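Trainee: 3D model of this:
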Amino acid sequence: MQAFHLSGAYGIPASTIFSSPHSGAEYPADFLRDSQLDPLTLRSSEDAFVDALFDTAPDFGAPLLAARYPRAYVDLNRAATDLDPAIIDIPRRPGLSPRVLAGLGVIPRVVSEGRVIRAGRIPLQDAQTRLAQVHKPYHDALERLLDAAHKRHGRSILIDCHSMPRDALRVQDLPSGKRRPEIVLGDRFGTSCAPWISDLAYDAFTAAGFAVARNAPFAGGYITQTYGQPSTGRHALQIEIDRSLYMDETRVTRLNSFDTFRERLIPVIAALATAGQARHALAAE
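Mentor: Numbering: from 1, shown residues only. Predicted coordinates for the structure are as follows:
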């Protein structure tokens, strides 16, 4: 059971690693059998096609790590300890996070709009098997890539790639005349990466014609928090893309303009992939 796809960098690997933890779409047969939701509804939690949007990263020296299994099966952007007693047969304990209480633990209880995946709970052993087969291998691979980049370049830059439903921004209060954000950059309010990295991403997306916001409504999750340690030269930036720009959210299919949209991202990907080298060159001047 292979937990991920890894597209290696061409040439000497850069200090940047791209990760797409929520684009997996391989649903195990027993999971589908036990679900009370139809396959299309289950797919509503996917960051569908995000791995394809960023698949040019290796052309610029940046590996791309992409999940094979879906977020509804195992959420790679949660800690392995974020176990929900409402879906896993374990004793309830105090101190559960709001996300776990909402059904969004590492083994999710719900997909988007709070729709419950299955009736009843699963045995703890089943949850542990999912984590061992999917969660641990993905994070082990991500750690290896980041450690190798840090060792080679003295820094690592993780670009954590996601998409957001268009409705996620409907509650945003926008000043008069300001465009609705199409891209949201999350650096956990400056704690997961150095400011120059988030500034570079902001400028690159803006130059490509996108409306960009920072840290609202998404500031970054478990992955950016875990792998973003700027004081040690380890940086992590989350990117959220309005998925209605490139896909039909209801049918989970690519729009006819998908390839054109993907091409708009290429200069952004190039800038992010080579960010470390560009910074090093500036420092050397």
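Trainee: report the separation between residue 58 and residue 118.
Mentor: 37 Å (C-beta to C-beta, to the nearest Å). Where C-beta positions appear, they are placed from N, C-alpha and C, glycine not excepted.
Trainee: how close does the residue nearest to residue 46 when sequence neighbours are not counted get to residue 24?
Mentor: Computed as C-beta to C-beta, 6 or more residues apart in numbering, the closest residue to residue 46 that is not its neighbour in sequence is residue 70, at 5.6 Å. Here residue 70 is placed at a distance of 5 Å from residue 24 (C-beta to C-beta).
Trainee: got it, and residue 225?
Mentor: 21 Å.
Trainee: over to residue 6?
Mentor: For residue 6, the distance to residue 24 equals 13 Å [C-beta to C-beta].
Trainee: have a look at the two and say which one is more surrounded.
Mentor: residue 24 (26 against 14; other C-beta atoms under 10 Å).
Trainee: now do the SS call for that one.
Mentor: When classified by DSSP: H, G, I helix; E, B strand; the rest coil, residue 24 comes out as coil.
Trainee: which residues sit in contact with it?
Mentor: When contacts are counted by C-beta atoms under 8 Å, 6 or more residues apart in numbering, residue 24 is found next to 46, 66, 67, 68, 69, 70, 71, 73.
Trainee: likewise for residue 201?
Mentor: Residue 201 sits in contact with 185, 237, 239, 268, 271, 272, where contact means C-beta under 8 Å, 6+ apart.
Trainee: element containing it, please.
Mentor: For residue 201, the host element (DSSP states H and E) is helix 195-207.
Trainee: flag the shaky bits of this structure, pLDDT-wise.
Mentor: For the chain, the stretches with pLDDT under 70 are 171-177, 278-285.
Trainee: so what sits against both of residue 6 and residue 24?
Mentor: Common neighbours of residue 6 and residue 24 (C-beta under 8 Å, 6+ apart) are residue 66.
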